[in-house]
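J.: What follows is a predicted structure for the sequence shown.
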Amino acid sequence: MNPTAAQGRWVIGLSLLVGLVLAIFPLPEMLRYIRPDITALIIAYWVLALPQSMGMFVAWITGLCLDVLVGTPLGLNGLCFTLVAFVFGKLHRQIRLTPVWQQTLLIFLSLLILQAIRLWVGKLAGTAMPSWAYWLPALSSAALWPPTFLLLRYFRRHFEVK
Amino acid sequence: MVIDQRFQATEPIRAGLATVLIPVQTIADMPSSVGNRVTETLKTRRELEDELATLKAKQFAYEVRLQKIAALEQENIRLRRLLDSTYSLGERVLIAELIKVDMDPYKQIITIDKGSIDGVTENQPMLDSKGVVGQVLKTSTYRSTGLLISDPGHSVPVQINRNGLRSIVTGTGAYDHLELLYVPNNSDVAVGDLLVTSGLGGVFPANYPVATITEFTPQPERPFATVMAKPLAELDRIREVVLIWEEALNSKEPASPNAAAEEQPTTTEVAQ
(Lines give C-alpha, C1' and ligand atoms only; values in the text may rest on other atoms or scores of the structure.)
Protein backbone atom coordinates (compact mmCIF):
# COMPACT_ATOMS: atom_id res chain seq x y z
CA MET A 1 0.00 0.00 0.00
CA ASN A 2 1.33 3.37 -0.98
CA PRO A 3 1.25 5.73 2.01
CA THR A 4 0.54 8.76 -0.16
CA ALA A 5 -2.64 7.10 -1.41
CA ALA A 6 -3.96 6.61 2.10
CA GLN A 7 -6.11 9.49 3.22
CA GLY A 8 -8.72 9.94 5.89
CA ARG A 9 -8.23 6.49 7.34
CA TRP A 10 -9.25 7.87 10.71
CA VAL A 11 -12.82 8.01 9.41
CA ILE A 12 -12.77 4.24 9.01
CA GLY A 13 -11.35 3.78 12.51
CA LEU A 14 -13.85 6.19 14.02
CA SER A 15 -16.80 4.51 12.31
CA LEU A 16 -15.63 1.12 13.61
CA LEU A 17 -15.38 2.57 17.14
CA VAL A 18 -18.91 3.95 16.82
CA GLY A 19 -20.00 0.49 15.72
CA LEU A 20 -18.45 -1.04 18.85
CA VAL A 21 -20.13 1.54 21.10
CA LEU A 22 -23.50 0.83 19.46
CA ALA A 23 -22.93 -2.89 19.95
CA ILE A 24 -22.91 -2.51 23.76
CA PHE A 25 -25.16 0.53 24.04
CA PRO A 26 -27.83 -0.16 26.68
CA LEU A 27 -31.20 -0.88 25.08
CA PRO A 28 -34.59 -1.72 26.60
CA GLU A 29 -35.07 -5.41 27.35
CA MET A 30 -37.29 -6.03 24.32
CA LEU A 31 -34.94 -4.38 21.85
CA ARG A 32 -31.89 -6.22 23.13
CA TYR A 33 -32.83 -9.32 21.20
CA ILE A 34 -33.14 -7.54 17.85
CA ARG A 35 -30.04 -5.40 18.24
CA PRO A 36 -28.70 -4.93 14.70
CA ASP A 37 -25.13 -5.91 14.00
CA ILE A 38 -23.98 -2.42 13.01
CA THR A 39 -20.30 -3.28 13.25
CA ALA A 40 -20.69 -5.99 10.58
CA LEU A 41 -22.51 -3.46 8.34
CA ILE A 42 -19.73 -0.90 8.76
CA ILE A 43 -17.07 -3.49 7.94
CA ALA A 44 -19.05 -4.66 4.91
CA TYR A 45 -19.38 -1.08 3.65
CA TRP A 46 -15.69 -0.23 3.92
CA VAL A 47 -14.68 -3.51 2.32
CA LEU A 48 -17.01 -2.81 -0.57
CA ALA A 49 -15.98 0.80 -0.98
CA LEU A 50 -12.24 0.60 -0.29
CA PRO A 51 -11.06 -3.01 -0.50
CA GLN A 52 -7.46 -1.83 -0.62
CA SER A 53 -7.70 0.03 2.73
CA MET A 54 -9.95 -2.27 4.71
CA GLY A 55 -8.77 -5.82 4.93
CA MET A 56 -9.51 -8.99 6.82
CA PHE A 57 -6.93 -8.17 9.49
CA VAL A 58 -8.70 -4.99 10.60
CA ALA A 59 -11.99 -6.89 10.53
CA TRP A 60 -10.49 -9.60 12.70
CA ILE A 61 -9.12 -7.11 15.26
CA THR A 62 -12.50 -5.36 15.41
CA GLY A 63 -14.15 -8.72 15.97
CA LEU A 64 -11.78 -9.52 18.83
CA CYS A 65 -12.60 -6.16 20.44
CA LEU A 66 -16.31 -6.92 20.15
CA ASP A 67 -15.76 -10.35 21.71
CA VAL A 68 -14.08 -8.78 24.71
CA LEU A 69 -16.83 -6.18 25.03
CA VAL A 70 -19.84 -8.49 24.88
CA GLY A 71 -18.23 -11.49 26.58
CA THR A 72 -18.50 -14.05 23.78
CA PRO A 73 -15.72 -16.64 23.33
CA LEU A 74 -12.63 -14.76 22.18
CA GLY A 75 -12.39 -15.05 18.39
CA LEU A 76 -16.05 -15.74 17.59
CA ASN A 77 -16.82 -12.31 16.19
CA GLY A 78 -13.27 -12.17 14.88
CA LEU A 79 -14.07 -15.19 12.71
CA CYS A 80 -17.45 -13.77 11.68
CA PHE A 81 -16.08 -10.37 10.63
CA THR A 82 -13.12 -11.94 8.83
CA LEU A 83 -15.62 -13.98 6.83
CA VAL A 84 -17.64 -10.86 6.00
CA ALA A 85 -14.50 -9.05 4.92
CA PHE A 86 -13.37 -12.03 2.85
CA VAL A 87 -16.65 -12.60 0.98
CA PHE A 88 -17.42 -8.94 0.39
CA GLY A 89 -13.82 -8.25 -0.56
CA LYS A 90 -13.78 -11.09 -3.08
CA LEU A 91 -17.07 -10.04 -4.62
CA HIS A 92 -16.80 -6.27 -4.22
CA ARG A 93 -16.84 -5.63 -7.99
CA GLN A 94 -20.09 -7.50 -8.53
CA ILE A 95 -21.79 -6.25 -5.34
CA ARG A 96 -20.95 -2.61 -5.99
CA LEU A 97 -22.86 -2.74 -9.28
CA THR A 98 -26.08 -4.10 -7.77
CA PRO A 99 -28.78 -1.70 -6.53
CA VAL A 100 -29.05 -1.05 -2.80
CA TRP A 101 -32.14 -3.23 -2.31
CA GLN A 102 -30.33 -6.23 -3.73
CA GLN A 103 -27.38 -5.47 -1.48
CA THR A 104 -29.86 -5.42 1.42
CA LEU A 105 -30.98 -8.92 0.49
CA LEU A 106 -27.37 -10.05 0.34
CA ILE A 107 -26.64 -8.51 3.74
CA PHE A 108 -29.66 -10.31 5.15
CA LEU A 109 -28.42 -13.66 3.86
CA SER A 110 -24.86 -13.19 5.05
CA LEU A 111 -26.01 -12.09 8.51
CA LEU A 112 -28.22 -15.18 8.72
CA ILE A 113 -25.10 -17.21 8.02
CA LEU A 114 -23.18 -15.26 10.69
CA GLN A 115 -25.93 -15.95 13.23
CA ALA A 116 -25.77 -19.64 12.29
CA ILE A 117 -22.01 -19.66 12.90
CA ARG A 118 -22.53 -17.94 16.25
CA LEU A 119 -25.19 -20.47 17.18
CA TRP A 120 -22.91 -23.34 16.18
CA VAL A 121 -19.98 -22.04 18.22
CA GLY A 122 -22.36 -21.23 21.08
CA LYS A 123 -23.48 -24.87 21.03
CA LEU A 124 -19.84 -25.95 21.29
CA ALA A 125 -19.38 -23.56 24.19
CA GLY A 126 -22.49 -24.92 25.87
CA THR A 127 -25.04 -22.11 25.76
CA ALA A 128 -28.72 -22.98 25.59
CA MET A 129 -30.68 -23.16 22.34
CA PRO A 130 -32.38 -19.78 21.93
CA SER A 131 -35.85 -19.10 20.57
CA TRP A 132 -36.84 -18.06 17.04
CA ALA A 133 -36.11 -14.43 18.01
CA TYR A 134 -32.45 -15.38 17.69
CA TRP A 135 -32.67 -14.80 13.93
CA LEU A 136 -34.23 -11.32 14.16
CA PRO A 137 -30.93 -9.37 14.25
CA ALA A 138 -30.31 -10.46 10.64
CA LEU A 139 -33.59 -8.78 9.67
CA SER A 140 -32.97 -5.59 11.65
CA SER A 141 -29.41 -5.33 10.34
CA ALA A 142 -30.59 -5.73 6.76
CA ALA A 143 -33.19 -3.01 7.36
CA LEU A 144 -30.42 -0.70 8.52
CA TRP A 145 -28.18 -1.38 5.53
CA PRO A 146 -29.56 1.40 3.23
CA PRO A 147 -29.18 4.19 5.83
CA THR A 148 -25.75 2.92 6.90
CA PHE A 149 -24.68 2.70 3.28
CA LEU A 150 -25.84 6.24 2.44
CA LEU A 151 -24.41 7.75 5.62
CA LEU A 152 -21.01 6.13 5.24
CA ARG A 153 -20.91 7.03 1.54
CA TYR A 154 -21.60 10.64 2.49
CA PHE A 155 -18.75 10.59 5.02
CA ARG A 156 -16.43 8.87 2.57
CA ARG A 157 -17.03 11.53 -0.07
CA HIS A 158 -17.00 14.40 2.37
CA PHE A 159 -13.66 13.46 3.93
CA GLU A 160 -12.32 12.02 0.69
CA VAL A 161 -11.32 8.77 2.32
CA LYS A 162 -9.11 6.68 0.10
CA MET B 1 -12.11 -20.11 20.48
CA VAL B 2 -11.88 -23.65 21.82
CA ILE B 3 -8.60 -22.65 23.44
CA ASP B 4 -10.37 -19.70 25.05
CA GLN B 5 -13.18 -21.90 26.33
CA ARG B 6 -11.14 -24.74 27.72
CA PHE B 7 -7.83 -23.20 28.78
CA GLN B 8 -6.57 -19.97 30.25
CA ALA B 9 -4.04 -19.32 27.49
CA THR B 10 -5.77 -16.33 25.90
CA GLU B 11 -6.52 -14.61 29.19
CA PRO B 12 -3.71 -12.02 28.89
CA ILE B 13 -4.92 -11.06 25.39
CA ARG B 14 -8.46 -10.63 26.62
CA ALA B 15 -7.36 -8.66 29.66
CA GLY B 16 -5.16 -6.38 27.56
CA LEU B 17 -7.88 -5.72 24.99
CA ALA B 18 -10.41 -5.11 27.75
CA THR B 19 -8.19 -2.43 29.25
CA VAL B 20 -7.72 -0.75 25.87
CA LEU B 21 -11.48 -0.82 25.28
CA ILE B 22 -12.47 0.92 28.52
CA PRO B 23 -13.18 4.22 26.65
CA VAL B 24 -15.70 2.40 24.44
CA GLN B 25 -17.52 1.16 27.53
CA THR B 26 -17.37 4.58 29.10
CA ILE B 27 -18.97 6.18 26.05
CA ALA B 28 -21.72 3.56 25.90
CA ASP B 29 -22.33 4.01 29.63
CA MET B 30 -22.48 7.79 29.38
CA PRO B 31 -26.19 8.41 28.70
CA SER B 32 -27.34 6.47 31.74
CA SER B 33 -24.64 7.78 34.08
CA VAL B 34 -25.23 11.37 32.98
CA GLY B 35 -28.98 10.78 33.38
CA ASN B 36 -28.47 9.56 36.93
CA ARG B 37 -26.36 12.56 37.77
CA VAL B 38 -28.93 14.96 36.33
CA THR B 39 -31.81 13.44 38.28
CA GLU B 40 -29.71 13.60 41.43
CA THR B 41 -28.88 17.25 40.85
CA LEU B 42 -32.51 18.10 40.17
CA LYS B 43 -33.81 16.52 43.36
CA THR B 44 -35.46 19.04 45.59
CA ARG B 45 -34.24 19.84 49.05
CA ARG B 46 -37.42 18.39 50.46
CA GLU B 47 -36.87 15.03 48.77
CA LEU B 48 -33.29 14.90 49.99
CA GLU B 49 -34.37 15.65 53.55
CA ASP B 50 -36.96 12.90 53.42
CA GLU B 51 -34.41 10.47 52.09
CA LEU B 52 -31.95 11.47 54.79
CA ALA B 53 -34.58 10.93 57.48
CA THR B 54 -35.46 7.42 56.27
CA LEU B 55 -31.81 6.50 55.96
CA LYS B 56 -31.09 7.75 59.47
CA ALA B 57 -33.97 5.72 60.86
CA LYS B 58 -32.71 2.63 59.06
CA GLN B 59 -29.19 3.22 60.26
CA PHE B 60 -30.39 3.49 63.84
CA ALA B 61 -32.33 0.24 63.59
CA TYR B 62 -29.35 -1.58 62.10
CA GLU B 63 -26.98 -0.27 64.72
CA VAL B 64 -29.23 -1.51 67.49
CA ARG B 65 -29.31 -4.92 65.86
CA LEU B 66 -25.54 -4.86 65.38
CA GLN B 67 -24.91 -4.42 69.10
CA LYS B 68 -26.35 -7.83 69.68
CA ILE B 69 -24.44 -9.38 66.78
CA ALA B 70 -21.04 -8.61 68.25
CA ALA B 71 -21.93 -10.48 71.39
CA LEU B 72 -23.48 -13.34 69.46
CA GLU B 73 -20.41 -13.63 67.28
CA GLN B 74 -18.13 -13.94 70.29
CA GLU B 75 -20.41 -16.52 71.80
CA ASN B 76 -20.50 -18.46 68.54
CA ILE B 77 -16.73 -18.49 68.25
CA ARG B 78 -16.39 -19.61 71.87
CA LEU B 79 -18.86 -22.43 71.43
CA ARG B 80 -17.27 -23.56 68.21
CA ARG B 81 -13.88 -23.58 69.90
CA LEU B 82 -15.36 -25.86 72.56
CA LEU B 83 -16.53 -28.16 69.78
CA ASP B 84 -13.11 -27.92 68.15
CA SER B 85 -14.58 -26.83 64.84
CA THR B 86 -13.62 -23.69 63.00
CA TYR B 87 -15.85 -21.07 61.59
CA SER B 88 -15.09 -17.95 59.68
CA LEU B 89 -16.94 -14.75 60.31
CA GLY B 90 -14.50 -12.15 59.13
CA GLU B 91 -14.94 -11.13 55.53
CA ARG B 92 -13.58 -8.17 53.67
CA VAL B 93 -15.93 -6.42 51.29
CA LEU B 94 -15.61 -4.00 48.41
CA ILE B 95 -18.43 -2.18 46.68
CA ALA B 96 -18.30 -2.21 42.89
CA GLU B 97 -20.53 -0.25 40.56
CA LEU B 98 -22.15 -1.71 37.49
CA ILE B 99 -21.17 -0.35 34.10
CA LYS B 100 -24.40 0.00 32.22
CA VAL B 101 -23.59 -1.77 28.97
CA ASP B 102 -25.45 -4.55 27.21
CA MET B 103 -23.66 -7.78 26.66
CA ASP B 104 -24.58 -11.05 25.02
CA PRO B 105 -28.40 -11.13 25.43
CA TYR B 106 -28.37 -14.92 25.74
CA LYS B 107 -26.08 -14.87 28.75
CA GLN B 108 -26.72 -13.18 32.06
CA ILE B 109 -23.49 -11.28 32.49
CA ILE B 110 -22.66 -7.85 33.88
CA THR B 111 -19.62 -5.56 33.86
CA ILE B 112 -18.35 -3.95 37.06
CA ASP B 113 -15.87 -1.14 37.56
CA LYS B 114 -13.37 -3.03 39.72
CA GLY B 115 -10.61 -5.20 38.33
CA SER B 116 -7.54 -7.15 39.33
CA ILE B 117 -5.89 -3.91 40.52
CA ASP B 118 -8.50 -3.84 43.29
CA GLY B 119 -7.77 -7.44 44.16
CA VAL B 120 -10.76 -8.94 42.36
CA THR B 121 -10.21 -12.57 41.42
CA GLU B 122 -12.13 -15.04 39.31
CA ASN B 123 -14.95 -16.98 40.97
CA GLN B 124 -15.24 -14.37 43.66
CA PRO B 125 -18.79 -14.11 45.05
CA MET B 126 -20.88 -11.00 44.34
CA LEU B 127 -23.73 -9.98 46.63
CA ASP B 128 -26.10 -7.09 47.00
CA SER B 129 -27.99 -5.84 50.03
CA LYS B 130 -30.67 -8.54 49.64
CA GLY B 131 -28.80 -11.64 48.60
CA VAL B 132 -26.37 -13.43 46.34
CA VAL B 133 -26.03 -11.90 42.85
CA GLY B 134 -23.46 -14.11 41.16
CA GLN B 135 -19.73 -14.59 40.82
CA VAL B 136 -16.87 -12.97 38.97
CA LEU B 137 -16.27 -14.59 35.60
CA LYS B 138 -13.30 -12.77 34.13
CA THR B 139 -11.09 -9.97 35.38
CA SER B 140 -8.94 -7.41 33.63
CA THR B 141 -6.91 -4.63 35.20
CA TYR B 142 -9.72 -2.15 35.83
CA ARG B 143 -12.90 -4.03 34.93
CA SER B 144 -14.44 -7.42 35.59
CA THR B 145 -17.36 -9.34 34.19
CA GLY B 146 -19.64 -11.31 36.43
CA LEU B 147 -22.05 -14.17 35.85
CA LEU B 148 -25.46 -13.81 37.50
CA ILE B 149 -27.09 -16.68 39.37
CA SER B 150 -29.91 -16.57 36.81
CA ASP B 151 -27.63 -17.70 33.96
CA PRO B 152 -28.51 -21.21 32.78
CA GLY B 153 -24.85 -22.15 33.19
CA HIS B 154 -24.61 -21.06 36.81
CA SER B 155 -25.35 -23.10 39.91
CA VAL B 156 -25.14 -22.33 43.62
CA PRO B 157 -25.05 -25.01 46.32
CA VAL B 158 -27.76 -24.05 48.81
CA GLN B 159 -29.63 -25.37 51.78
CA ILE B 160 -33.06 -24.59 53.12
CA ASN B 161 -32.68 -22.34 56.11
CA ARG B 162 -35.54 -23.99 57.99
CA ASN B 163 -34.32 -27.59 57.98
CA GLY B 164 -30.88 -27.67 56.40
CA LEU B 165 -31.98 -29.68 53.34
CA ARG B 166 -29.28 -29.33 50.69
CA SER B 167 -29.82 -28.74 47.01
CA ILE B 168 -28.41 -26.90 44.02
CA VAL B 169 -29.95 -23.76 42.55
CA THR B 170 -29.50 -23.30 38.82
CA GLY B 171 -30.45 -20.34 36.66
CA THR B 172 -33.07 -20.60 33.97
CA GLY B 173 -32.14 -17.57 31.87
CA ALA B 174 -34.98 -15.47 33.33
CA TYR B 175 -34.16 -12.87 35.98
CA ASP B 176 -36.86 -13.95 38.43
CA HIS B 177 -36.82 -17.75 38.16
CA LEU B 178 -34.33 -20.20 39.53
CA GLU B 179 -34.66 -23.96 39.57
CA LEU B 180 -33.73 -26.39 42.35
CA LEU B 181 -32.18 -29.60 41.12
CA TYR B 182 -32.21 -33.08 42.63
CA VAL B 183 -34.90 -32.51 45.23
CA PRO B 184 -36.62 -35.85 45.99
CA ASN B 185 -40.42 -35.94 45.72
CA ASN B 186 -40.93 -36.67 49.39
CA SER B 187 -38.63 -33.97 50.77
CA ASP B 188 -39.75 -31.34 53.23
CA VAL B 189 -39.97 -28.21 51.10
CA ALA B 190 -42.61 -25.52 51.48
CA VAL B 191 -43.39 -22.46 49.40
CA GLY B 192 -41.78 -19.44 51.02
CA ASP B 193 -38.79 -21.30 52.44
CA LEU B 194 -35.58 -19.29 52.46
CA LEU B 195 -32.59 -20.73 50.64
CA VAL B 196 -29.12 -19.83 51.93
CA THR B 197 -25.75 -20.77 50.52
CA SER B 198 -24.45 -23.97 52.04
CA GLY B 199 -20.78 -23.18 51.62
CA LEU B 200 -20.16 -26.42 49.74
CA GLY B 201 -18.19 -26.07 46.55
CA GLY B 202 -15.91 -23.48 48.04
CA VAL B 203 -17.00 -20.52 45.92
CA PHE B 204 -19.76 -19.00 48.01
CA PRO B 205 -19.32 -18.64 51.76
CA ALA B 206 -22.04 -20.23 53.85
CA ASN B 207 -25.27 -18.68 55.11
CA TYR B 208 -25.91 -15.89 52.61
CA PRO B 209 -29.53 -15.68 51.45
CA VAL B 210 -30.11 -16.62 47.81
CA ALA B 211 -33.79 -17.10 47.03
CA THR B 212 -37.21 -18.07 48.31
CA ILE B 213 -39.17 -21.09 47.11
CA THR B 214 -42.11 -20.16 44.89
CA GLU B 215 -43.26 -23.55 43.65
CA PHE B 216 -42.96 -27.15 44.79
CA THR B 217 -44.59 -29.75 42.55
CA PRO B 218 -43.83 -33.43 43.19
CA GLN B 219 -43.53 -35.47 39.99
CA PRO B 220 -44.66 -38.99 40.98
CA GLU B 221 -43.41 -40.59 37.77
CA ARG B 222 -39.99 -38.99 38.00
CA PRO B 223 -37.26 -39.26 40.62
CA PHE B 224 -37.13 -35.55 41.44
CA ALA B 225 -39.69 -32.84 42.08
CA THR B 226 -40.01 -29.57 40.18
CA VAL B 227 -38.97 -26.79 42.52
CA MET B 228 -38.77 -23.15 41.46
CA ALA B 229 -37.40 -20.22 43.44
CA LYS B 230 -37.22 -16.46 43.14
CA PRO B 231 -33.88 -14.74 43.75
CA LEU B 232 -33.86 -12.24 46.61
CA ALA B 233 -31.51 -9.88 44.80
CA GLU B 234 -33.28 -7.87 42.12
CA LEU B 235 -31.04 -9.07 39.34
CA ASP B 236 -32.49 -6.85 36.64
CA ARG B 237 -32.26 -3.72 38.77
CA ILE B 238 -28.94 -3.89 40.58
CA ARG B 239 -26.69 -0.86 40.28
CA GLU B 240 -23.88 -1.94 42.54
CA VAL B 241 -22.64 -5.21 43.90
CA VAL B 242 -20.57 -6.13 46.94
CA LEU B 243 -17.52 -8.28 46.39
CA ILE B 244 -16.43 -10.35 49.37
CA TRP B 245 -13.20 -11.98 50.34
CA GLU B 246 -13.37 -14.63 52.94
CA GLU B 247 -10.53 -14.62 55.43
CA ALA B 248 -9.42 -18.22 55.84
CA LEU B 249 -12.31 -20.57 55.26
CA ASN B 250 -10.84 -23.11 57.64
CA SER B 251 -8.03 -22.19 59.99
CA LYS B 252 -6.72 -25.76 60.05
CA GLU B 253 -5.41 -25.17 56.55
CA PRO B 254 -3.14 -22.15 56.32
CA ALA B 255 -4.47 -19.40 54.09
CA SER B 256 -3.22 -19.69 50.52
CA PRO B 257 -0.58 -17.22 49.36
CA ASN B 258 -3.10 -15.85 46.85
CA ALA B 259 -5.42 -14.86 49.64
CA ALA B 260 -2.58 -13.00 51.32
CA ALA B 261 -1.67 -11.21 48.11
CA GLU B 262 -5.25 -10.01 47.76
CA GLU B 263 -4.99 -7.90 50.85
CA GLN B 264 -4.23 -4.57 49.33
CA PRO B 265 -4.70 -1.27 51.03
CA THR B 266 -6.99 -0.04 48.23
CA THR B 267 -9.87 -2.24 49.36
CA THR B 268 -12.19 -1.03 52.05
CA GLU B 269 -12.18 -3.27 55.04
CA VAL B 270 -14.98 -4.53 57.16
CA ALA B 271 -13.35 -7.56 58.70
CA GLN B 272 -14.11 -8.28 62.29
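T.: Perfect, I can see it now.

J.: Show residues contacting the helix or strand bottoming out on mean pLDDT in chain A.
T.: In chain A, the helix or strand scored least confidently by mean pLDDT, DSSP states H and E is helix A:29-32, which has a mean of 77. Helix A:29-32 is contacted from outside by B:102, B:105, B:236, using CB atoms under 8 Å, 6 or more residues apart in numbering or on different chains. C-beta here means a position set from N, CA and C on the backbone, and glycine is covered the same way.

J.: Skip ahead from that helix and say which helix or strand is next.
T.: Remark: after helix A:29-32, the chain's next helix or strand is helix A:38-49, criterion DSSP states H and E.

J.: For that next one, give the mean pLDDT please.
T.: Average pLDDT, helix A:38-49: 91.

J.: And stretch B:148-158, by the same measure?
T.: The pLDDT scores in stretch B:148-158 average 90.

J.: what does it contact?
T.: Residues outside stretch B:148-158 that contact it (CB under 8 Å, 6+ apart): A:126-128, B:107-110, B:132-135, B:147, B:166-178, B:180-181, B:195-201, B:204, B:210-211, B:231, B:233, B:235.

J.: Compute the first-to-last residue distance for that stretch.
T.: This stretch, stretch B:148-158, spans 15 Å end to end (CA to CA, to the nearest Å).

J.: Now find how far off-centre that stretch is within its chain.
T.: Taking CA atoms, centre = their mean, to the nearest Å, the mean C-alpha location of stretch B:148-158 is offset from the chain mean by 11 Å.

J.: Quick check: the closest residue to A:L48 other than its chain neighbours vs chain B, distance?
T.: Ranked by CB to CB, 6 or more residues apart in numbering or on different chains and with sequence neighbours excluded, the top spatial neighbour of A:L48 is A:H92, at 5.0 Å. Here the distance between A:H92 and chain B works out to 27 Å (CB to the nearest CB, to the nearest Å).

J.: coming back round to it: filter the contacts of stretch B:148-158 down to the buried ones, ChimeraX style.
T.: Of the contacts of stretch B:148-158, the buried ones go into a single ChimeraX selection, burial set by 16 or more other CB atoms under 10 Å in any protein chain shown:
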select /A:127 /B:107,108,109,110,132,133,134,135,147,167,168,169,170,171,175,177,178,180,195,196,197,198,199,204,210,211,231,233,235
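
J.: now, which of the contacts of stretch B:148-158 lie within strands?
T.: B:109-110, B:132-135, B:147, B:166-171, B:178, B:180-181, B:195-197, B:210-211, B:231 (DSSP state E).

J.: What are the buried residues along stretch B:14-25?
T.: Neighbour-count burial for stretch B:14-25 flags B:14-15, B:17-18, B:21-22, B:24-25 (criterion: 16+ other CB under 10 Å).

J.: Closest to A:S140 out of these?
T.: Distances from A:S140 to these, taken as CB to CB, are shortest for B:V24 (21.4 Å).

J.: what about the helix or strand encompassing the closest one, average pLDDT?
T.: In the assignment (DSSP H and E), B:V24 maps to helix B:22-42. The predicted model assigns helix B:22-42 a mean pLDDT of 81.

J.: Could you tell me the end-to-end distance of stretch B:157-173?
T.: Using CA to CA, the end-to-end distance of stretch B:157-173 comes out at 18 Å.

J.: Brilliant, that's me finished.
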